[in-house]
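> Turn this into a model:
(one chain, ligands or ions: 1)
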Amino acid sequence: MADLLHFRAAGTSLVLDLSGTGLPRVPHWGADLGELSPGRLAALVAAEAAPAVAGDLDEPFALSVLPQASAGWPGTPGLSGHRDSCAAAPAFTVRGRSVVAGQRRLRVEAADADVGLTLTLEIELTDAGLVRLRAEVTNTGPGPYHLGELTPALPVPPQATEILDLTGRHLRERAPQRHAFTLGTHLRENRRGRTGSDATLLQIAGEPGFGFRSGEVWGLHVAWSGNHRSLAERTPAGHAVLAGGELLLPGEIRLAPGDSYTSPWLCGSYGRHGLDELSGRFHRHLRARARHPVSPRPVTLNTWEAVYFDQDPATLERLARVAAEAGAERFVLDDGWFRGRRDDRAGLGDWYVDERVWPAGLSPLIETVHGLGMRFGLWVEPEMISPDSGLARAHPDWILAATPARTPPAARHQQVLDLARPDAYGYVLGRLDALLRADRIDYLKWDHNRDLVDAPAHRQTAAVYRLMDALRARHPHLEIESCSSGGGRVDLGILERTDRVWTSDCIDALERQRIQRWTGLLLPPELLGAHVGAPLSHTTGRTHGLDFRAGTALFGHFGIEWDLTAASAAERARLAEWVALYRALRPLLHTGTVVRADHPDPALWVHGVVAADGARAVFALVQTATGVHSPAGRVRLPGLTPEDEYRVLPLPPGDRPEGPFTAPPPWWERGVTLSGRVLAEAGVRAPTLFPERLVLLEAVRVADGPR
Ligand code: GLA
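The predicted structure follows:
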């Protein structure tokens with residue numbers, strides 16, 4: 001096998017240097033370099049090699065995908081740990097390597113006989129141009145090895161001098177923050193035991209001022225749902241890396257002789273022209289998965305903000321009927337259906353239908369829902385236990401704790417159930433399985449509403465994955481939604497076993513524009529739960545018109561979370577129009593390419609989806625606040641095929657710039673025909689909009705039939 005590998009896919013090149021016996025190095029990860037002969041590849045590597053410098057090692061340091069302190073790496077080590085009295089940093093020697101025939105996937109075996117470890121590295125470049133990297137370490141020594149961290153890294157070039165990462169909180173997930181990529185470490189750690197509302201999702205570094213459509217960018221995601229860390233690190237020698245892995249608590253991973261630990265996948269994406277390209281690789285990669293949901297994403301009515309804990313069969317049956325009239329296709333019964341659950345203080349763990357609320361069980365409602373042509377979903381929170389529950393009274397020792405001597409502080413009046421215990425795991429699997437067998441339940445909204453404070457997270461996360469996998473193996477058609485106080489468990493680890501995320505408990509459309517925009521950097525629209533709420537937002541107190549609420553939910557997996565029995569006939573009719581639009585557009589929205597324009601006025605957002613074949617696109621022009629200009633200026637509509645002509649028209653029911661001081665531009669009524677290039681470069685005059693309003697535009701390739 002050659003010492004130098006050049007993987008190319010979808011506009012990305014990954015060059016791997018395997019020469020010598022050291023771990024693989026990455027002389028280039030970025031723009032496609034074109035076909036390179038072995039000689040040219042060798043020249044590229046030779047041209048990149050650093051000289052030795054005064055005051056440093058005699059031999060220049062070689063940065064690998066698992067940077068080693070033993071080789072002279074002064075930054076965060078790729079692997080740390082100790083074996084009782086010996087904390088020597090490993091110095092791995094490569095023993096073997098292989099490339100899967102016809103695939104861009106490298107496997108490297110290495111060992112350090114002195115420290116007593118072997119290492120397996122897997123590195124691949126997917127068809128979407130996404131780099132995936134993970135490591136497995138095995139204890140081959142005589143006694144236990146205590147693993148501190150296993151944090152693979154990918155290098156980024158010197159032009160990446162600006163960092164973008166995301167933070168947030170409950171009801172405000174995915175707030176972006178930008179800053180200089182200075183010398184030192186920008187470390188994002190998460191010790192919540194779940195992915196977290198504040199998890200960055202992506203650690204991105206790029207050229208200064210990069211945007212959605214411009215600037216070179218590199219980004220990394222850690223595909224893990226427990227404690228994790230990601231970092232951007234720059235050293236005085238000019239090395240810059242993005243790295244990440246599981247965050248291991250002291251003592252959490254104790255490898256007995258022969259035991260192994262595998263890091264979560266680290267996924268790296270590149271954009272030559274900004275974040276849209278970087279994001280598109282994640283979307284394409286996810287869509288290529290065997291279990292990616294490809295059936296039309298059903299319009300989902302969720303009962304939570306409609307009735308909260310106030311469940312009774314007659315009310316919910318009425319709600320199901322009006323939901324079906326509005327076009328709903330799935331009805332999800334949220335929290336409050338099981339024993340003792342009249343509020344959030346009790347009941348978690350008692351996964352039996354509460355006979356006092358549902359004397360005839362859930363079957364009559366489920367049959368009504370199916371009779372109305374909808375599917376049925378049920379809310380569960382399997383990883384939790386209320387101290388006030390039959391389960392906790394019977395098994396107080398099933399509460400997860402760092403030590404039996406103390407119970408972690410309560411959060412939402414609940415504790416975590418220790419799923420690493422076979423008895424607790426067996427009980428929950430058995431109850432969920434029984435519920436799914438008893439009735440036609442097609443969908444679980446799987447919630448997780450507290451941090452794992454003062455509790456080990458690794459084995460719990462592994463157990464949750466096992467539990468979901470076991471349930472799906474028994475019920476292959478079951479869909480699962482990943483919810484965690486809203487968007488607290490959004491990551492590619494959980495998405496290997498779930499079918500969408502509940503993006504946020506905040507369904508205020510203005511907040512949702514931002515939350516969906518940034519969560520959408522990682523996930524395509526069909527995986528983002530997006531619901532139309534009541535006119536008055538329950539979580540912010542803002543009031544929004546129906547068109548703004550529905551036009552926001554349109555760009556996700558559309559749903560309704562509103563007491564429609566209290567909505568007016570006019571509101572229900574208008575909602576039905578939006579539902580019909582979603583149903584007509586979802587084949588495009590859920591397979592197309594997401595685009596976001598970089599508009600100079602931060603109050604005006606332009607985003608859309610272009611059909612995979614370039615024949616059509618839908619754009620939203622969103623006025624998030626009052627604009628600087630009146631009348632509004634031009635907006636660019638990116639992503640269409642440059643050479644093709646498109647007819648652009650406002651798209652009903654999102655075609656009305658509401659309000660007395662708003663005005664559509666002259667082209668609005670009759671539409672305009674322009675090439676994809678002109679639309680992307682020059683754009684069209686936007687209507688003047690009130691703040692917190694949006695309009696939709698549709699672009700249709702003229703050859704495909706002008707409207
Ligand atoms: C969490 C979820 C909500 C809802 C409630 C029910 O907060 O994020 O959507 O399901 O729990 O208790």
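> C-alpha from now on. contacts and neighbour counts both.
Noted.
> could you point out the longest helix in the chain?
If you go by DSSP state H, the chain has its longest helix at helix 569-589.
> That one: how far from the chain's middle?
26 Å (CA atoms, centre = their mean, to the nearest Å).
> next SSE after that helix?
Per DSSP states H and E, the first helix or strand lying C-terminal to helix 569-589 is strand 593-596.
> Could you list the paired strands of that following strand along with their orientation?
When pairs are called by DSSP bridges, strand 593-596 turns out to pair with strand 604-610 (antiparallel).
> Now do the strand it pairs with against helix 569-589, angle only.
Computed by axes from the mean of the first three to the mean of the last three CA atoms, to 10 degrees, the angle separating strand 604-610 from helix 569-589 equals 60 degrees.
> for the record, mean pLDDT for strand 604-610?
For strand 604-610, the mean pLDDT works out to 98.
> contact partners of it?
With CA atoms under 8 Å, 6 or more residues apart in numbering as the test, strand 604-610 has contacts from 588-589, 592-599, 616-625, 627, 635, 637, 639-640.
> Please export the C-alpha coordinates of that strand as PDB.
The C-alpha coordinates for strand 604-610 follow below in PDB (Å, rounded to 0.1, in the frame of the first residue of the first chain):
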ATOM      1  CA  LEU A 604     -33.600  40.700   6.800                       C
ATOM      2  CA  TRP A 605     -32.900  36.900   6.500                       C
ATOM      3  CA  VAL A 606     -33.200  35.000   3.300                       C
ATOM      4  CA  HIS A 607     -33.200  31.300   3.300                       C
ATOM      5  CA  GLY A 608     -34.600  28.600   1.100                       C
ATOM      6  CA  VAL A 609     -34.400  25.100  -0.400                       C
ATOM      7  CA  VAL A 610     -33.400  24.400  -4.000                       C
END
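> Return the distance of that strand from the chain's centre.
20 Å.
> Now that we have the contacts of strand 604-610, which of them are buried?
588-589, 592-598, 616-625, 627, 635, 637, 639-640 (16 or more other CA atoms under 10 Å).
> same for the ligand: which of those are within range?
Near the ligand, judged by CA under 6 Å from any ligand atom, there are no entries from these.
> what's Val156 in contact with, if anything?
Val156 sits next to 29, 205, 218, 239-242 when contact means CA under 8 Å, 6+ apart.
> Phi, psi for it please.
When quoted as degrees, to the nearest 10, the phi and psi of Val156 stand at phi -120, psi 150.
> got it, and Thr167?
Dihedral angles of Thr167 (phi, psi; degrees, to the nearest 10) stand at phi -140, psi -160.
> my guess is it meets Leu202, correct?
No - using CA atoms under 8 Å, Thr167 is not in contact with Leu202; the gap is 10.0 Å.
> So the two - more neighbours on which side?
Leu202 (25 against 18; other CA atoms under 10 Å).
> Kindly reformat the contacts of Val156 as JSON lines containing pLDDT and secondary structure.
Output for the contacts of Val156, formatted as JSON lines (pLDDT from 0 to 100; DSSP: H, G, I helix; E, B strand; the rest coil):
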{"residue": "Trp29", "pLDDT": "98", "secondary structure": "strand"}
{"residue": "Ala205", "pLDDT": "98", "secondary structure": "strand"}
{"residue": "Trp218", "pLDDT": "99", "secondary structure": "strand"}
{"residue": "His239", "pLDDT": "96", "secondary structure": "coil"}
{"residue": "Ala240", "pLDDT": "98", "secondary structure": "strand"}
{"residue": "Val241", "pLDDT": "98", "secondary structure": "strand"}
{"residue": "Leu242", "pLDDT": "98", "secondary structure": "strand"}
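> Please convert the buried members of these into PyMOL selection syntax.
In PyMOL, this line selects whichever of the contacts of Val156 come out buried by 16+ other CA under 10 Å:
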select buried, resi 29+205+218+239+240+241+242
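> Pipe the contacts of Val156 into a markdown table and attach distance to His477 per row.
A markdown table is the format used below for the contacts of Val156 (distance: CA to CA, whole Å):
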| residue | distance to His477 |
| --- | --- |
| Trp29 | 39 |
| Ala205 | 39 |
| Trp218 | 36 |
| His239 | 48 |
| Ala240 | 45 |
| Val241 | 41 |
| Leu242 | 38 |
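> Which single one of the contacts of Val156 is nearest to Ser675?
Trp218 (30.6 Å; CA to CA).
> Now do the same contact list for the residue nearest to Asp442 when sequence neighbours are not counted.
Distance criterion CA to CA, 6 or more residues apart in numbering; nearest residue to Asp442, sequence neighbours excluded, is Leu478 at 5.1 Å. Residues near Leu478 by CA under 8 Å, 6+ apart: 441-444, 472.
> about what we covered before: okay if I get the contacts of Val156 as TSV plus distance to the ligand?
Supplementary listing: those in TSV, determined by distance: CA to the nearest ligand atom, whole Å:
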residue	distance to the ligand
Trp29	38
Ala205	31
Trp218	31
His239	41
Ala240	38
Val241	35
Leu242	31
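> Now the two most distant members of the contacts of Val156.
Distances among the contacts of Val156 were taken as CA to CA; the most separated pair is Trp218 and His239, at 14.7 Å.
> So for stretch 458-474, mean pLDDT?
Regarding stretch 458-474, the rounded mean pLDDT is 98.
> Alpha carbons of it, as PDB, please.
These are the backbone C-alpha positions of stretch 458-474, laid out as PDB (Å, rounded to 0.1, in the frame of the first residue of the first chain):
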ATOM      1  CA  HIS A 458     -20.600   7.100  29.900                       C
ATOM      2  CA  ARG A 459     -22.300   3.800  30.800                       C
ATOM      3  CA  GLN A 460     -25.700   5.500  30.900                       C
ATOM      4  CA  THR A 461     -25.300   6.900  27.400                       C
ATOM      5  CA  ALA A 462     -24.200   3.500  26.100                       C
ATOM      6  CA  ALA A 463     -27.200   1.900  27.800                       C
ATOM      7  CA  VAL A 464     -29.600   4.400  26.200                       C
ATOM      8  CA  TYR A 465     -28.200   3.600  22.800                       C
ATOM      9  CA  ARG A 466     -28.600  -0.100  23.500                       C
ATOM     10  CA  LEU A 467     -32.200   0.400  24.700                       C
ATOM     11  CA  MET A 468     -33.200   2.300  21.600                       C
ATOM     12  CA  ASP A 469     -31.500  -0.200  19.300                       C
ATOM     13  CA  ALA A 470     -33.200  -3.100  21.100                       C
ATOM     14  CA  LEU A 471     -36.600  -1.500  20.800                       C
ATOM     15  CA  ARG A 472     -36.200  -0.600  17.100                       C
ATOM     16  CA  ALA A 473     -35.000  -4.200  16.400                       C
ATOM     17  CA  ARG A 474     -38.300  -5.400  17.900                       C
END
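> Before I go, just wanted to say thanks for your time.
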